[in-house]
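> Predicted structure and sequence below. I'll ask about it afterward.
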Amino acid sequence: MIKQRSILSTLKRYTHSKRLNAVSSLSHEVILNEDKNEDPRNLSAAESQLIDNLPIFKNVTITPSTPSSLKVKQEYVQVKISFLKPLFGTTSQPLLGYNLPRNSKSPFIDTHKSQGINRLSVTKLLTKSWCELRFTYDMYAQAGLQIQPPPDKFLTSGTSIHGSLETALHPGLLDWNLEHDLFDVWFDSLLKMANLFQGGQCREIIAHGYVNSNDLTLLDGDMDVTDEDDVLISGVIDHLTLRGKDVRLFPDVNDIGALLMELDKHRELIKGDTNILVSDVKTRSINRLPTQGTVLKATKLQLMYYKFFLKSFGLNQESTYKKLLVNAQRRGIDVDAPIDPMKLLNFMISSNGFLNDDMRKMRDGFDIGFPLFDNENSSNNNNDAEFNMSNIPSIDSEVGVNNNILEKYEEFMTSWTRPVNLKYFAARMSQFYYNIGQLISDELMVEYYHKNENFHNILFKYDNKMLKEHVTDSGKYWFGKRDIEPIKPNLKNFKIFCKNCDYSHVCSWRIEGEKKCKELGQDLLNLNETD
């Protein structure tokens, strides 16, 4: 990026001299301002046009200072603080306090369950990745105001890098302008997990687990979800990589059922010399690692949660299947509702026939080879579950699929014996999760990116004791069993953590803490003088 102001200032200095008629290095005429009464610091219209046409400005994106974006951010912060003061306000002065609101039931109930959200994310469990007090203010403000924060250039850049890494490995669906829903998410993860065993890696894989809000423990793989006390914890894993002698196990198997059969047949052999590395991608605005210990610890914990989820999936396929269905139901989704036939056709074509054999079995009423799902489908086989693909409207030529491809799918354009619903995708996902869980390594990795360059990686070992301690501590916070625990009150922390905080100027924890630190410093000086 080129700073417009500095370049213009340099060019203005050239125009101050009436003797200068040309800039030889650029071979452009300089038009001089001949009006003696006009401020020579101002460029004329002709001069401005000339500068705009200079080669140095060609194909350059100028990012001017935008006071409006700063104003939007300031207004957003002020709205948050105005909302928070009645909840966190102190009695002595107009500052925000550092205890949970007096009428709080728990942060989970206050900010999530009261909004109809019966789940948490892994990243939200990491309440101390920066400052738990700031985290709390943000949670309550976002839940109460129902507004999104202004765009953040660093977050936008990070999202772009994640997206480019994912797109380079996974092309995505045909764009038919269909409504996005959980079918898309599960189908996407299904293909990506298959790609792990076909091509050796995959990106952006969903995973989840459950934490019991009473005993503050994670449910292991063979433990069923019993009631609302088991809170859904969801996450997205950035990168899975096969490591071993042959990292492309079945590159030529392009049928979902056949691929799963190969994995079952060779599982013990594969486990002998192959494992799966779980990685998280962290983007940086500069080519340097973070220096704050809390940030690195949070990243490690995030990966430990993912490893625990995947390892649990490798213990029991039927339990994983049930937990996937609970996941959907917690989002208010009917797992028996059939998929939009147009969307299913999109999936079949986008996956280049990967689902075709399974779809023939569903069409004709045969089992796919996952007993729990097959038995449910067999016992519920009735007219109410009719699924008809013959009603698909004609496909517009603009969707990018030629007639020769469409003809290959004519056999499916009929009434099916068994409907395709989320249960089908849960069944196949649970089988892939099982195979992944069998191979998960105890070694985890953080991948650091600046722009699109992977400039550093950190490998470390899974620590089950550390994870359990964090589940307990974070669970106590979320489920109302402890109060907020801000950063330790010392000048170094206040300088690092409070510098760019939205709430710094109204935070009683910082203001009181800095005052006490200064008083302590003066007391030590006085003590030294009396010795």
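Received, thanks.
> Would you mind finding the longest strand in this structure?
When the chain is parsed with DSSP state E, its longest strand is strand 230-244.
> buried ones in the following helix or strand past that strand?
Where DSSP states H and E defines the elements, the next helix or strand beyond strand 230-244 is helix 256-265. Across helix 256-265, burial judged by 16 or more other Cβ atoms under 10 Å covers Ile256, Gly257, Leu259, Leu260, Glu262, Leu263. In short, each C-beta sits where N, CA and C put it, glycine included.
> what sits against the first one?
Ile256 makes contact with Leu190, Ala194, Phe354, Leu355, Asp357, Asp358, Arg428, according to Cβ atoms under 8 Å, 6 or more residues apart in numbering.
> Can you flag the buried ones in the residues you listed?
Buried, going by 16+ other Cβ under 10 Å: Leu190, Ala194, Phe354, Leu355, Asp358, Arg428, out of these.
> and the residues you listed, which of them are in helices?
Leu190, Ala194, Asp358, Arg428 (DSSP state H).
> which regions of the stretch 101-250 of the chain lie under the pLDDT threshold?
Nowhere does the stretch 101-250 of the chain drop to pLDDT under 70.
> Once you drop chain neighbours, what's closest to Leu491?
Nearest in space to Leu491, with sequence neighbours left out and distances taken as Cβ to Cβ, 6 or more residues apart in numbering, is Cys517 at 5.1 Å.
> so what's Arg284 closest to, chain neighbours aside?
His450 (5.0 Å).
> beta partners for that neighbour?
Under DSSP bridges, the beta-bridge partners of His450 are Arg284, Glu453.
> Next, count neighbours for it.
Counted with other Cβ atoms under 10 Å, the neighbours of His450 add up to 16.
> From Leu155, how far out is it?
15 Å (Cβ to Cβ, to the nearest Å).
> cool, Glu262 as well?
41 Å.
> Repeat that for Lys297.
21 Å.
> who has more neighbours, the two?
Lys297 (15 against 11).
> helices and strands around the host helix or strand of the more buried one, which ones?
Here Lys297, judged by DSSP H and E, is contained in helix 293-313. Applying 3 or more Cβ pairs under 8 Å, 6 or more residues apart in numbering; DSSP states H and E, one finds that helix 293-313 contacts helix 122-125, strand 201-212, strand 230-244, strand 274-284, helix 422-437, strand 440-450, helix 464-478.
> repeat that for 6 Å
strand 201-212, strand 274-284, helix 422-437, strand 440-450 (3 or more Cβ pairs under 6 Å, 6 or more residues apart in numbering; DSSP states H and E).
> and the angle from the first one to helix 293-313?
Strand 201-212 and helix 293-313 meet at an angle of 90 degrees, taking axes from the mean of the first three to the mean of the last three Cα atoms, to 10 degrees as the criterion.
> What of the third one?
Orientation check (the same axes, to 10 degrees): helix 422-437 against helix 293-313 gives 110 degrees.
> how far is helix 422-437 from where the chain is centred?
22 Å (Cα atoms, centre = their mean, to the nearest Å).
> Show me what that helix is in contact with.
Helix 422-437 is contacted from outside by 186, 190, 193, 260, 263, 310-311, 313-314, 317, 320-321, 324-325, 328, 335, 370, 373, using Cβ atoms under 6 Å, 6 or more residues apart in numbering.
> can you check the first one too?
Residues outside strand 201-212 that contact it (Cβ under 6 Å, 6+ apart): 165-166, 169, 189, 192, 195-196, 218-219, 225, 229-237, 239-241, 306, 309, 327.
> Between helix 464-478 and it, find me the angle.
Using the same axes, to 10 degrees: strand 201-212 against helix 464-478 is 60 degrees.
> got it, and the longest one?
If you take the same axes, to 10 degrees, helix 422-437 sits at 140 degrees to helix 464-478.
> Over helix 422-437, what's the mean pLDDT, rounded is fine.
When pLDDT is averaged along helix 422-437, the result is 98.
> Redo the helices and strands packed on helix 293-313 as JSON lines? Include distance to Trp176.
Converted to JSON lines, the helices and strands packed on helix 293-313 look like this (distance: least, Cβ to Cβ, whole Å):
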{"stretch": "strand 201-212", "distance to Trp176": "21"}
{"stretch": "strand 274-284", "distance to Trp176": "29"}
{"stretch": "helix 422-437", "distance to Trp176": "19"}
{"stretch": "strand 440-450", "distance to Trp176": "32"}
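> Go through these and name the closest to Ile81.
strand 274-284 (28.9 Å; Cβ to Cβ).
> State the mean pLDDT of the closest one.
Strand 274-284 comes out at a mean pLDDT of 96.
> Which other helices and strands does it contact?
strand 230-244, helix 293-313, strand 440-450.
> Let me know which of the ones you listed is the nearest to His470.
helix 293-313 (5.3 Å).
> hmm, who's touching whatever helix or strand Lys495 lives in?
Using DSSP H and E, Lys495 sits in helix 491-497. Counting contacts by Cβ under 6 Å, 6+ apart, the residues outside helix 491-497 that touch it are Cys131, Ile487, Arg510, Glu514, Cys517.
> Which residue ranges make up each domain of the protein?
Annotated domains of the chain cover 73-148+486-522, 177-334+438-479, 341-420 [the TED database].
> Tell me which helix or strand comes right after the helix holding Lys297.
helix 317-330.
> What residues sit buried inside the following helix or strand past that next one?
Next in sequence after helix 317-330, counting helices and strands by DSSP H and E, comes helix 341-350. For helix 341-350, burial by neighbour count (16+ other Cβ under 10 Å) applies to Pro341, Lys343, Leu344, Leu345, Asn346, Phe347, Met348, Ile349, Ser350.
> sorry, back to before: can I get the domains of the chain in JSON lines with distance to Phe432?
Converted to JSON lines, the domains of the chain look like this (distance: least, Cβ to Cβ, whole Å):
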{"stretch": "domain 73-148+486-522", "distance to Phe432": "20"}
{"stretch": "domain 177-334+438-479", "distance to Phe432": "4"}
{"stretch": "domain 341-420", "distance to Phe432": "11"}
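> So for Ile161, which of those sits nearest?
domain 177-334+438-479 (5.0 Å).
> What is the end-to-end distance of that closest one?
The straight-line separation of the ends of domain 177-334+438-479 (Cα to Cα, to the nearest Å) is 41 Å.
> How far off centre is it?
Using Cα atoms, centre = their mean, the offset of domain 177-334+438-479 from its chain centre is 13 Å.
> sorry, back to before: for Pro94, which of the helices and strands packed on strand 274-284 is the nearest?
So among the helices and strands packed on strand 274-284, helix 293-313 is nearest, using Cβ to Cβ, at 29.1 Å.
> Name the residues of the closest one that are buried.
For helix 293-313, by 16+ other Cβ under 10 Å, it's 294, 296, 298-313.
> quick check: angle from it to strand 230-244?
90 degrees.
> the inter-axis angle of helix 293-313 versus strand 440-450?
Going by the same axes, to 10 degrees, helix 293-313 makes 140 degrees with strand 440-450.
> who touches stretch 335-343?
Leu178, Phe183, Leu325, Ala328, Phe387, Met389, Ile392, Pro419, Val420, Asn421, Leu422, Lys423.
> Now it: average pLDDT?
Mean predicted confidence for stretch 335-343 is 95.
> now that stretch: how far from the chain's centre is it?
26 Å.
> Now do the end-to-end distance for it.
16 Å.
> So in terms of bridging, what pairs with the residue nearest to the spatial centre of the chain?
Taking Cα atoms, centre = their mean as the criterion, Val236 is the residue nearest the geometric centre of the chain, at 6.1 Å. Taking DSSP bridges as the rule, Val236 bridges to Ile206.
> Distance of it relative to Arg243?
Taking Cβ to Cβ, one finds Val236 at 21 Å from Arg243.
> Mind checking what helix or strand follows the host helix or strand of Ser69 in sequence?
Under the criterion of DSSP H and E, Ser69 resides in helix 67-88. The helix or strand immediately downstream of helix 67-88 is helix 107-111, counting by DSSP H and E.
> which residues are contacting that next one?
Taking Cβ under 6 Å, 6+ apart as the rule, helix 107-111 contacts Ser104, Met139, Tyr140, Ala143, Trp478, Phe479.
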